[in-house]
Every structure is written in C-alpha cells, then in structure tokens.
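# build me a model from this:
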Amino acid sequence: MTLGDGRPTRFAWRRFVSGAMAVGALAALQVGLAPDAAAQDVQPQQWYLGPMQAEKMWKVSTGKGITVAVVDTGVDPSTQSLKGQVLPGKDFANASGDETKDDTGHGTTVAEMIAGTGEGGSIQGLAPDAKIVPYRVGIDGVKGRAKGALFSHADKAIRAAADSDAQIINMSFGGPPGSELGEAVEYAAKKGKLMFSSAGNEAKEGNLQSYPAGYPEVAGIAAGARNNKVSKFSSYGDEVTLAAPGEDLPGWCDGKRAHYCQNLGGTSLASALVSGAAALIWAEHPKWTANQVLRVMIDTAGRSDGKKKLSKYIGYGAVRPRLNLLEGKGDPGDPEISPLTNEKTGPSAASAEPKSSDGKNSGKDDAPDKVEVADSKSQEEDSGWLLPAGGIAAGVIVLAGCGFAVVRLRRN
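Residues are numbered from 1 along each chain as shown. Now for the predicted structure:
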C-alpha cells in the first residue's frame, strides 16, 4: 500500500471504529455493531446536539452559503439526509463509478454529519444548509481497485478541492507523510482554505503521527465521548488542535447503506463535526478568512483547566461554535496570519469572502456554558468532556487577537 509519492504506509484508511477500540481496517466497522433500519429515527443517538445547543445556533446560522469539500470514499447524494445537499465533485479513485459511489459508507456518513438535513429521522448535520462537494480517493480493499493503491491521488483530490469554490476541506483519513501530499496541503493553505483532518484512532496501537493532520497548515481533530472522557482510541500528539464528539454515534453500516449502525466512533466523525461547526461560524461572518474562523474556534474552545498551553490530547479543547454564534465571543484577529503557524497565509479577506451569506437570522440568544474539556496526563482519567459549569471562566481559552503563536514544524 502506498501514499501519494509511492512511499509504503503502515496504516489502513482511518475509519470510525466500534465500541472501545478498533484500528484502521475497514473490516473493523462490522464488529459489534447493531443495525438500525434507515427509516428509524437515529437523531437521538446524536447526543451532542443538545449540549452544543444546536437548535439555538440554527436560529442564527445554518451554514448556508458555505461549501465543504469532503475528500473521502465518495458521497452518495441519494440518501434521505443528503438529497439536495451534494454538488458535483470529482473522482480520483480509478474505480467503477464516480465520486457519488461510496463503497464503504464512510464518506457518506462524514458528509451527513456535516450537512445532513435529518429528513425522515436520518442523520442531522451540524450545518444543515451547507453544501458538500465530494472528492473520491482510492482505498485498498474496495472492489475494482488495483492492490496497493491506498490513498492514491489524495494529493490530487486536495488540489482539486483547493481550486474549487469550497471554503472548507474535510479530510477524515490519515497515514504517513508524503511529499506530494504535503505540497497539496500547502497549496490549499495558500488558496485560503480551512482544513480539518482526523487525528487518528491509534492511541493504543503505537500512536503513530497521522497525516495530513500532522502538517502545520491542517487542524488535527481528536475525539471525545459523552462519558466525560477523551476517547481511548483517539490518537494524541502535537497534531491535535481541537476536539469534538466522536464516539457512540450513528452511521452507515457499509456501502449498501441499507441500515444505519449504532455506536460508531472515530476521529473521522469528530473532524466532520468540526467542519460543520466552522461552516456555521463562517456563514455568520462571511467576510472572515479561514485564519479568522479557525482563530475564533480556538479562542472559544473549552477546557475546564483553562490553560492556554496546547494539550496533546485535546489541543485547545472542545469546539464550541455557540460561544461565537450566541454570545459573540472570540477574537478573529489578523485575517492573513495563520493561528497554527503564526505566518502569513491565504488570500486577502476580500478574495476569501464566501460567495453567499444568505439564510442567517439576526439576534443573539444568551445561553449558559455546557461544554468543557479538561486535559489529563492519562487518557483513562476523567477529561470533563461534558461537565456542566456555572460559567465560562474555566472553560474558555482567551487568546487575544493573533498574539498567540504555536508553531507546528512537523513537515517531513
């Protein structure tokens, strides 16, 4: 199996996992999963919607006018949740079908978590009026693929996404670094794209650093559970920028998409939710750049210890878009300075402005703080993922303007 420039990889595709732990392999998705009929209402399993105060946020922003590129296994636009949500993309998998053919269900689940409508009890996306552009890349084990072509053309898919109208690029996959992949990420950053990638599900399997999350231009995303802990499978290290719910969630069981399954987990899903959160914020502030959107997400991220130091488990903390949307918190800072590298990157604010800012209602709804994350030296210790709090003082990391500099020199 190879990555981009032909280097061998020790990873299979970064998949969501079932139960406490599973690693990489697509077959792991089938272990211990309980199928639900697609017509059954799975939204009660989306336990994070309440704590994140999604209904209140949607009165302010639904993500309308924002497009998210999903570089993944393909996205099926015919599901109840995605009808009318998927724009034409491009196929780089060199397999039968095109970018709308998803042989695993992974890319479709990721897309639904970002922008699903929730129609008929299907998965409710965090940004239900955002649009999805799929870029399918090849994975090992899919029928019709040449053996050893894992991640083939992922770099080309990222470049295509960078050249598209999408403002956000979600990359729920990972593996070792490659020169072509790194160059594609740099290209997308120069185009002003906001990039999120799963940190990986290998905390107990060597915890190897995952790319593209490991590149300095990409925000790596860790996963957390509703039991007040960082997910035990969630990879950790300096690639982690933010955290989001990523455990005990619904998703498609397989490529047939006959049923949703329960209790899926993985940083793939957490990355999707962060992309959805970014879409909500950007739709409300259409003149901001990617740097400003991400800076506000970092500024308002939750950690109950209140520390500014980057945590290797949860980065700056749990993503909390409601603090900006409902309470106006977060300093966008310099539009041209990256909060990840502290260097100038991307086009000017004017050229990066999303094309549409429709669908937003005025008014700010005051709401109490509900979501906090605490770091711990051990992932098995209580991490305070959803501990209730009386105020926000302990949960918000205050980073004034662009005055923080966490330089991630990780390009290999």
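
# helices and strands of this structure: which one bottoms out on pLDDT?
strand 7-8 (a mean of 31; mean pLDDT, DSSP states H and E).

# so which elements touch the helix of greatest length in the chain?
Using DSSP state H to assign secondary structure, the helix with the most residues in the chain is helix 267-284. Applying 3 or more C-beta pairs under 8 Å, 6 or more residues apart in numbering; DSSP states H and E, one finds that helix 267-284 contacts strand 67-72, helix 106-115, strand 168-171, strand 194-198, strand 219-224, strand 240-245, helix 290-299, helix 322-325. Every residue, glycine included, has its C-beta placed from N, CA and C.

# and the helices in the stretch 101-250 of the chain?
With DSSP state H, counting those that start in this stretch as the criterion, the stretch 101-250 of the chain has helices at 106-115, 154-162, 179-190.

# quick one on the thing from earlier: in CSV: the helices and strands packed on helix 267-284, plus mean pLDDT, distance to residue 132 and mean neighbour count.
As requested, those are arranged in CSV below (pLDDT from 0 to 100; distance: least, C-beta to C-beta, whole Å; neighbours: other C-beta atoms under 10 Å):
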stretch, mean pLDDT, distance to residue 132, mean neighbour count
strand 67-72, 97, 6, 28
helix 106-115, 97, 5, 32
strand 168-171, 98, 9, 31
strand 194-198, 97, 14, 31
strand 219-224, 96, 18, 32
strand 240-245, 96, 18, 30
helix 290-299, 97, 18, 26
helix 322-325, 96, 21, 26
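
# how about the longest helix of the chain as PDB, C-alpha atoms only?
These are the backbone C-alpha positions of helix 267-284, laid out as PDB (Å, rounded to 0.1, in the frame of the first residue of the first chain):
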ATOM      1  CA  THR A 267     -11.800  10.900  14.800                       C
ATOM      2  CA  SER A 268     -13.300  10.800  11.300                       C
ATOM      3  CA  LEU A 269     -16.600  11.800  12.800                       C
ATOM      4  CA  ALA A 270     -15.100  14.300  15.100                       C
ATOM      5  CA  SER A 271     -13.400  16.000  12.200                       C
ATOM      6  CA  ALA A 272     -16.700  16.100  10.300                       C
ATOM      7  CA  LEU A 273     -18.400  17.900  13.300                       C
ATOM      8  CA  VAL A 274     -15.600  20.500  13.500                       C
ATOM      9  CA  SER A 275     -16.000  21.100   9.800                       C
ATOM     10  CA  GLY A 276     -19.800  21.600  10.400                       C
ATOM     11  CA  ALA A 277     -19.000  24.000  13.300                       C
ATOM     12  CA  ALA A 278     -16.700  26.000  11.100                       C
ATOM     13  CA  ALA A 279     -19.400  26.300   8.400                       C
ATOM     14  CA  LEU A 280     -21.800  27.700  11.000                       C
ATOM     15  CA  ILE A 281     -19.400  30.400  12.100                       C
ATOM     16  CA  TRP A 282     -18.200  31.300   8.600                       C
ATOM     17  CA  ALA A 283     -21.800  31.600   7.300                       C
ATOM     18  CA  GLU A 284     -22.400  34.100  10.100                       C
END
